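[1] my questions concern the predicted model and sequence given below.
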Amino acid sequence: MSGNSFCLLLVGLFVIAIGSLLTSFGVSWSSVESEYALSPTKKWILVGGLTATSAVFKIRLPEVADETASNFHLVLSNDENLQSNRLELDLTTKSENGVTAGFVSLERQQGIRTLVVDNLEPETQYHYIVEKRLVSGAVIALGSLRGRIRTPAKEGTQFNFTIATAGCAWTGSRAELFPEIAKEDPLMFVHLGDMHYEDINENSMNKRIDAISTVLASDTQSEFYRSTAFVNMWDDHDWLGGNSDGVEEQPGARNTALLSYQLAFPHYPLAALIAAENPATASPNNDNINNNNATAASAVPGSSTTNTNNPIPVPVYHAFTIGTVRFVISDLRSESNDTYIQSIEQTNWLKQEFSKAAEYDFVIWVTTRTWIGTTTGSGDDSWAGYSSERRQLSEFISNTIGQGSEAQNLLAISADPHMVGFDNGFNTYYGPSGLSSGRSFPILQSGAMDRFGSTKGDTYSHGCWALGWERTHQFSTIKFEFTHEKCIVIDSYRRVDFASENRTKIFSKRLCGKIFEAAAQTEEEKAGSCEIEKNWSGNKVRCIAAAIIGFFTMVLASFAIFKSDASTIGDCCCKTFVVVLIVSFSYLLTLLVSFGVYFVRGVEQMSWSFVVIIVLVERISNFFYLVIWWACCKSSNLRRLDDDDPAFRDVKSNPTFQHVGLDIQQSAHGELAEDTNDGDGNVQNASVSRRKDEVSVGGNSSIASSQ
């Protein structure tokens, strides 16, 4: 029954393929649900703008869109149980320093309140929660709006502290990396851009706030952000879209984005807003730098700080001081175009900040666009695409901060390339050759928190780390130590999906005193590496195992069909080809279904690990099913019932068999009586006698017949 056995083989393979597809679909669907928040939350809280005595709270609650805000109170205390030393503010409290000026209507539309809490104690741990007061006097504590912050020492005071920093996480990621960052108990978290990947290039405040709210719908992210102070600077995807600059596709999109930052994120005073309020302090224009986007004050015609109905949309670059460390945050998106990366106002502000570097122990510069990279034409999405500006700024830094007697205390940090990488300054100089000081600043690329690993730039003195074609979970801590000497200690970590380890340290560097290094002065002198893992070891093992099992499955299929089912070589090849086609097509469908579920649900990334596991299990199932099928087909208990099978002739005839026109009867002596029609309608009787002793066992038989 060759046809039946081969059909059984095909049915089994189809069952395995369908089972794998259903498993792939189910795992992908459940993974999206468990690994990402897909819709915005209406309740969240962020704390930033941290100083030794104050903090800025941004609170979103649907109820505060109307006049019920007074029913909600923010409670702070240095008591973890919030029972003693309570500081209470209702959500209608207005700031005295203008943080909420101009945002009354916007806040009500989005259900957001801004509270500035003053009179805090330096170097103190505070716990906070939002409570709802009912008319009956009952108090409901909103656990999802509970967190903690720690105030720094007074500005100008040396003290040891730690910050965490990273960027780039897919919208609503629930990666287990975020609790790992929280374990470091950082004073603040500096987000280096791409907080979400919604690519909103339209004039919609609702979409922008919903994108932020979807991120904060992630329990792991929101809980982490509630455990520390939050500092944020956007990059392209959470600005106006991939590789976007200050050129909007829809009128109003740029201003809406600028206002959304002021509305949703707690922040330090914005330099452009200060300049808009005090035009006399604004930097004069220079001819060699772009003045593309005009001054901040002219962004909205007729706007002013006295007109609270017209808040001012301004670029969001700013700077602040923690202890004796200055943080300088550049906005490299809202003012850039194909020719210039930032306006003259921002460039002059940045140079002014760098000029004061000697006043601080360290200066941390946040540059969300990648600094290192071979010079290219204009329009490149990194500093390499703005070679003239990079050259001028590089020369300025080395001449101003990098001279032998100067501070040499600048560290740049970035995350756009989706990797951890470090250069000690050897490859960061892009000014003219022959520079007298010959020294440049170090730079830290601080990984992607939840994105596929990739690289930008190919010359990092200490190398790069990421997982290519796999979700990469990385972050870095920067510790400032002043116990014996002033030092920066950098530690970078990663967490791997489907691994037993929670995290692994992948890079560590201690920088003390003057941290600049002698720099290569030409592109030819630059040296370093930036190669990343294309996959992590667990997936490599599974992929190799799947490939080996797949190969032996095909070999076994061909051999089993030839031995058990095929009648000719051509038949064997044809059936083997069908089996290979079915098995290969099922593997392809497994991959397509896995990725398809993610993309259909709006998540343009996934972990390869579980797909590789499913394919591996599928191949193992195919292999063992072929073994079982072959064993059954070659069993000695099976008989072929083909017409040419000798066993078929051993079947005894049925003595009562009747056929139209033919009547056969068997006598008790073994005679057969046959009635036949003579053609004239008359029935003739014929008797055929067959005796057993007339049958020759040797193969010759004689049959005596009588009619």
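    Everything's here; your move.
[2] I'd like to know how many residues surround Glu121.
    12 (other C-beta atoms under 10 Å). Every residue, glycine included, has its C-beta placed from N, CA and C.
[3] for it, give its distance to Asn337.
    Here Glu121 is placed at a distance of 46 Å from Asn337 (C-beta to C-beta, to the nearest Å).
[4] swap in Ala37?
    Taking C-beta to C-beta, one finds Ala37 at 34 Å from Asn337.
[5] out of the two, which sits in the more crowded spot?
    More crowded of Ala37 and Asn337, by other C-beta under 10 Å: Ala37, with 21 against 14.
[6] from Gly438, how far out is the nearest residue to Pro186 once chain neighbours are set aside?
    In this structure, Pro186 finds its nearest non-sequential neighbour in Ala164, 4.0 Å apart by C-beta to C-beta, 6 or more residues apart in numbering. In this structure, Ala164 and Gly438 are 33 Å apart, going by C-beta to C-beta.
[7] more neighbours: those two, which one.
    Taking neighbours as other C-beta under 10 Å, Ala164 and Gly438 compare with Ala164 leading, 25 against 18.
[8] where does the more buried one sit: helix, strand or coil?
    Here Ala164 is recorded as strand under DSSP: H, G, I helix; E, B strand; the rest coil.
[9] surely it touches Ser476?
    Yes. Counting by C-beta atoms under 8 Å, Ala164 does reach Ser476; the two are 7.1 Å apart.
[10] show me the shaky parts of the protein.
    Along the chain, the model assigns pLDDT under 70 to residues 1-3, 66-67, 94-102, 279-310, 377-379, 434-437, 500, 634-707.
[11] break it into its domains for me.
    2-35+540-633, 652-694 (automatic domain parsing).
[12] can you tell me which of those domains is most buried?
    domain 2-35+540-633 (a mean of 17; mean count of other C-beta atoms under 10 Å).
[13] now do the contacts for Arg601.
    For Arg601, the contact set (C-beta atoms under 8 Å, 6 or more residues apart in numbering) comprises Trp29, Val32, Leu38.
[14] nearest spatial neighbour of the second one, chain-adjacent residues omitted?
    Closest residue to Val32 apart from its sequence neighbours, by C-beta to C-beta, 6+ apart: Arg601 at 5.0 Å.
[15] can you check Asp458 too?
    In space, Asp458 is closest to Cys530, 4.9 Å off (C-beta to C-beta, 6+ apart).
[16] what's the neighbour count on that neighbour?
    Neighbours around Cys530, by other C-beta under 10 Å: 22.
[17] tell me the contacts of it?
    Met419, Gly421, Thr455, Gly457, Asp458, Thr459, Tyr460, Gly463, Cys464.
[18] try 10 Å
    Each residue near Cys530 by C-beta atoms under 10 Å, 6 or more residues apart in numbering is listed here: 372, 417, 419, 421, 423, 427, 445, 455-460, 462-466.
[19] what does Thr568 give?
    Applying C-beta under 10 Å, 6+ apart, one finds that Thr568 lies in contact with Phe562, Cys574.
[20] now do the helices in the stretch 451-600 of the chain.
    With helices called from DSSP state H, counting those that start in this stretch, the stretch 451-600 of the chain shows them at 537-564, 569-600.
[21] these into CSV, with extra columns for distance to Val130?
    As requested, the helices of the stretch 451-600 of the chain are arranged in CSV below (distance: least, C-beta to C-beta, whole Å):
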stretch, distance to Val130
helix 537-564, 42
helix 569-600, 35
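[22] for those helices, which one sits closest to Thr151?
    Thr151 lies closest, by C-beta to C-beta, to one member of the helices of the stretch 451-600 of the chain: helix 569-600, at 41.8 Å.
[23] from the chain's centre, how far out does the helix or strand just after that closest one sit?
    Proceeding N to C from helix 569-600, the next assigned helix or strand is helix 608-633, under DSSP states H and E. Centroid separation for helix 608-633 versus its chain: 30 Å, with C-alpha atoms, centre = their mean, to the nearest Å.
[24] which strands or helices does helix 608-633 pack on?
    Judged by 3 or more C-beta pairs under 10 Å, 6 or more residues apart in numbering; DSSP states H and E, helix 608-633 is in contact with helix 2-35, helix 537-564, helix 569-600.
[25] export these to TSV and append columns for distance to Val615.
    Below are these laid out as TSV (distance: least, C-beta to C-beta, whole Å):
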stretch	distance to Val615
helix 2-35	8
helix 537-564	5
helix 569-600	6
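[26] can you say which of these is nearest to Ile200?
    helix 569-600 (18.9 Å).
[27] so which of the helices of the stretch 451-600 of the chain gets nearest Gln346?
    helix 569-600 (37.3 Å).
[28] compute the inter-axis angle for that closest one and helix 537-564.
    In terms of direction (axes from the mean of the first three to the mean of the last three C-alpha atoms, to 10 degrees), helix 569-600 departs from helix 537-564 by 150 degrees.
[29] now helix 569-600 against helix 608-633, angle please.
    Going by the same axes, to 10 degrees, helix 569-600 makes 150 degrees with helix 608-633.
[30] from the contact counts, what lies against helix 569-600?
    Using 3+ C-beta pairs under 10 Å, 6+ apart: helix 569-600 touches helix 2-35, helix 537-564, helix 608-633.
[31] export those helices as JSON lines, with columns for distance to Asn160.
    What follows is those, written out as JSON lines (distance: least, C-beta to C-beta, whole Å):
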{"stretch": "helix 2-35", "distance to Asn160": "36"}
{"stretch": "helix 537-564", "distance to Asn160": "36"}
{"stretch": "helix 608-633", "distance to Asn160": "39"}
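[32] among the ones you listed, which is nearest Tyr386?
    From the helices and strands packed on helix 569-600, taking C-beta to C-beta, the stretch that ends up closest is helix 608-633, at 35.3 Å.
[33] next, the angle from that closest one to helix 2-35.
    Using the same axes, to 10 degrees: helix 608-633 against helix 2-35 is 160 degrees.
[34] would you map the helices across the stretch 51-200 of the chain?
    104-110, 177-182.
[35] deepest-packed of those helices, please.
    Per residue and on average, the most neighbours among these fall to helix 177-182, with a mean of 23 (mean count of other C-beta under 10 Å).
[36] for Val366, see how far away Phe396 is.
    From Phe396 to Val366 the distance is 18 Å (C-beta to C-beta).
[37] His318 now?
    For His318, the distance to Val366 (C-beta to C-beta) stands at 10 Å.
[38] which neighbours do those two share?
    Applying C-beta under 10 Å, 6+ apart, one finds that His318 and Val366 are jointly contacted by Val231, Met233, Phe327, Val328, Ile329, Ser330, Asp331.
[39] just the ones in strands from these, please.
    Counted as lying in strands by DSSP state E, out of the shared contacts of His318 and Val366, are Val231, Phe327, Val328, Ile329.
[40] among those residues, which two are most distant?
    Among these, Val231 and Val328 lie farthest apart (C-beta to C-beta), at 11.6 Å.
[41] who's more crowded, the two?
    Neighbour totals were compared for Val231 and Val328, and Val231 leads with 25 against 22 (other C-beta under 10 Å).
[42] list the contacts of the more buried one.
    Taking C-beta under 10 Å, 6+ apart, one finds 48-50, 163, 165, 188-192, 265-268, 318, 320, 322, 327, 329, 366 in contact with Val231.
[43] so what's it closest to, chain neighbours aside?
    Per C-beta to C-beta, 6+ apart, closest to Val231 is Val190, 4.7 Å.
[44] just Cys543 next, same as before
    Cys543's closest residue in space is Val612 (C-beta to C-beta, 6+ apart), at 5.9 Å.
[45] surely Ile341 touches Trp371?
    No. Contact criterion C-beta atoms under 10 Å: Ile341 and Trp371 do not qualify, at 11.0 Å.
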